[in-house]
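In: Structure of the sequence below:
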Amino acid sequence: MNDLLHDTAPDPFSQPAAFLHHLYRAAVKRALPLHNTVAFLPPPPSRESGGRTLVLGAGKAGGAMAQAVESLWPADAPLSGLVVTRYGHTPPRPAGLAQRIEIVEAAHPVPDEAGLAAAQRILALTQGLTKDDLVLCLISGGGSALLTLPAVGLSLEEKQRVNLALLDSGANIAEMNCVRKHLSRIKGGRLAAACTPARVVTLTISDVPGDDPSIIASGPTVPDASTCADALAVLKRYGIDVPATILAQLDSGALETPKPGDAAFNGHEVHLIATPQQSLEAAAAVAQAAGLPAYILSDEMEGESREVGKVHAALARAVALKGQPFQKPCVILSGGETTVTIRKQPAGAPRGRGGRAGEFCMGLALALQGQTGVYALAADTDGIDGVEDNAGAYVGPDTLQRAQAAGMKIDQYLDRNDAYGYFNGIGDLVITGPTHTNVNDFRVLLIL
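Out: Numbering: from 1, shown residues only. Reported below is the predicted structural model:
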């Protein structure tokens, strides 16, 4: 049940920006771990068995997921473990809630020493598990960088370079995580294999198109159908260099991951506790309660962010000018994970600031050309667009006009991937702080 249905929504006709922010909050609220965990929690091991419950996890929602488990777990049942989340993404601890699961923080999207140390400790905690033990794994988006344990022969510095090259390449999330899995000693099902013979139950929040658990956080607890050959193909496709020793191991299959059907996964359970589609549906319900028809295009959109923005602009203009394929007023929603290919700049030029949501908004604004009656907001549901302090940006009919009045030309900002600079210059960044969940891109158009 979406509590925001019972809140008074801002009037979309007189307060379009506030209304769009309200829809974003509804989407985020639907994905919060405390609202979604209770239905999927397994019972603790029986006292007679002597088994214990170990919680392991990684992701931007990791801190909130750990606190949800602590809130819901029986007070008299043993519980311990370790979860790693992004710097600044551990939520405030509720008063009176005893900490039984340790939460540590590390870097995202490029891994650091803290993430390496956390992964080493998590893997070490799997030693000595028995068939009577339960391992509860809490997995959410961002875990690929946060849970970093490079393959033998690959240093952390080399892993960082590969990771950064992938982020800049325009590769989609499935491609990036295919490489990450094969260059890791803990992802791609290897964490679950290390837990043998314990029972493993994975609770996951999806941040990937298609909600494939093997892609979310590079699937540390589920079998991996991708291969070393697939990883090599991605590296070649995007011209990403890796050390010769790693190339040789990929070529020989020495870095292969556990596959579907492997006995290491027998009896394991995986539950999706929050998904992008659910959050889009929550926002649609709030719009409908405010008297506006709401349409969800897809929760699986991929592609270059600026190009996806242009497509959304064409749709919005068709609705605004022709009443096709929807009649105005209405709300149009979409989700997924777009990409940004970083454009090379002249030597010494500053690197643009921004992420997928901001780049989408620049492409959208440029294509809309000030179309009357069209308003939009795009933001990442974790509250962070790329590596900046904003979640995304807002676009209105006067966006280009106000920017031009401030001496800013949008094509120049697009050329250097500087969405942050553009929208910051006109006061239209969406800043929320960490939301403690992550179901990826949220985009909404309001057409009046």
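In: ok, which stretches of the stretch 251-400 of the chain are helices?
Out: Applying DSSP state H, counting those that start in this stretch to the stretch 251-400 of the chain gives helices spanning 276-289, 305-322, 356-368, 399-405.
In: buried stuff in the first one?
Out: Along helix 276-289, the positions that meet the burial threshold by neighbour count (16 or more other C-beta atoms under 10 Å) are 276-287, 289. C-beta coordinates here come from the backbone N, C-alpha and C atoms, glycine included.
In: do the same with the third one
Out: Within helix 356-368, the residues scored as buried using 16+ other C-beta under 10 Å are 356-368.
In: Might one say that residue 50 is in contact with residue 132?
Out: Yes - here residue 50 reaches residue 132: they are 6.1 Å apart, a contact under C-beta atoms under 8 Å.
In: between the two, who's got more neighbours?
Out: residue 132 (15 against 11; other C-beta atoms under 10 Å).
In: Return the residues in contact with residue 170.
Out: Residues near residue 170 by C-beta atoms under 8 Å, 6 or more residues apart in numbering: 238, 304, 339-341.
In: out of those residues, who has the most neighbours?
Out: residue 340 leads these on contacts (other C-beta under 10 Å) with 23 neighbours.
In: Quick one, which of the helices of the stretch 251-400 of the chain gets closest to residue 98.
Out: Residue 98 lies closest, by C-beta to C-beta, to one member of the helices of the stretch 251-400 of the chain: helix 276-289, at 30.1 Å.
In: Which residues does that closest one contact?
Out: Residues contacting helix 276-289 (C-beta under 8 Å, 6+ apart): 2, 4-5, 9, 22-24, 26-31, 206-207, 209, 211, 293-296, 299, 331, 333-336, 381, 439-442, 444.
In: hmm, which of these are the buried ones?
Out: Buried among these by 16+ other C-beta under 10 Å: 2, 4, 9, 22-24, 26-31, 206-207, 209, 211, 294-296, 299, 331, 333-336, 381, 439-442, 444.
In: Quick check: residue 203 touching residue 65?
Out: Yes - the pair residue 203 / residue 65 is scored as a contact, 6.9 Å apart, by C-beta under 8 Å.
In: list the residues that contact both of the two?
Out: 37, 138.
In: Neighbour count for these two, which is higher?
Out: residue 65 (35 against 26).
In: right, and the helix or strand after the helix or strand hosting that one?
Out: Element membership of residue 65 [criterion: DSSP states H and E] is helix 62-72. Sequence-wise, the next helix or strand downstream of helix 62-72 (DSSP H and E) is strand 80-86.
In: Do a quick rundown of the helices in the stretch 101-250 of the chain.
Out: Under DSSP H, counting those that start in this stretch, the stretch 101-250 of the chain gives helices at 113-125, 143-146, 156-169, 173-182, 190-194, 228-237, 244-252.
In: pull the CA atoms of the third one into PDB?
Out: Output in PDB follows, covering the C-alpha atoms of helix 156-169 (Å, rounded to 0.1, in the frame of the first residue of the first chain):
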ATOM      1  CA  LEU A 156      43.000  -3.300  -7.000                       C
ATOM      2  CA  GLU A 157      44.600  -0.500  -9.000                       C
ATOM      3  CA  GLU A 158      44.200  -2.500 -12.200                       C
ATOM      4  CA  LYS A 159      40.600  -3.400 -11.300                       C
ATOM      5  CA  GLN A 160      39.900   0.300 -10.700                       C
ATOM      6  CA  ARG A 161      41.200   1.200 -14.100                       C
ATOM      7  CA  VAL A 162      39.100  -1.500 -15.800                       C
ATOM      8  CA  ASN A 163      36.000  -0.400 -13.800                       C
ATOM      9  CA  LEU A 164      36.500   3.300 -14.800                       C
ATOM     10  CA  ALA A 165      37.000   2.400 -18.400                       C
ATOM     11  CA  LEU A 166      33.800   0.400 -18.400                       C
ATOM     12  CA  LEU A 167      31.900   3.300 -16.800                       C
ATOM     13  CA  ASP A 168      33.100   5.700 -19.500                       C
ATOM     14  CA  SER A 169      32.600   3.300 -22.400                       C
END
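In: by contact count, what packs against that helix?
Out: helix 173-182 (3 or more C-beta pairs under 8 Å, 6 or more residues apart in numbering; DSSP states H and E).
In: neighbouring contacts of the helix it packs on?
Out: Counting by C-beta under 8 Å, 6+ apart, 144, 151, 162-163, 166-167, 187-188, 208-209, 212, 215, 218-219, 224, 226, 228, 230-231, 234-235, 237-238, 240, 250, 255-257, 302, 337 sit against helix 173-182.
In: Could you rerun that using 6 Å?
Out: 144, 166, 187-188, 208, 215, 218, 224, 226, 228, 230-231, 234, 255, 257, 337 (C-beta atoms under 6 Å, 6 or more residues apart in numbering).
In: and the residues you listed, which two are the farthest apart?
Out: 255 and 337 (25.1 Å).
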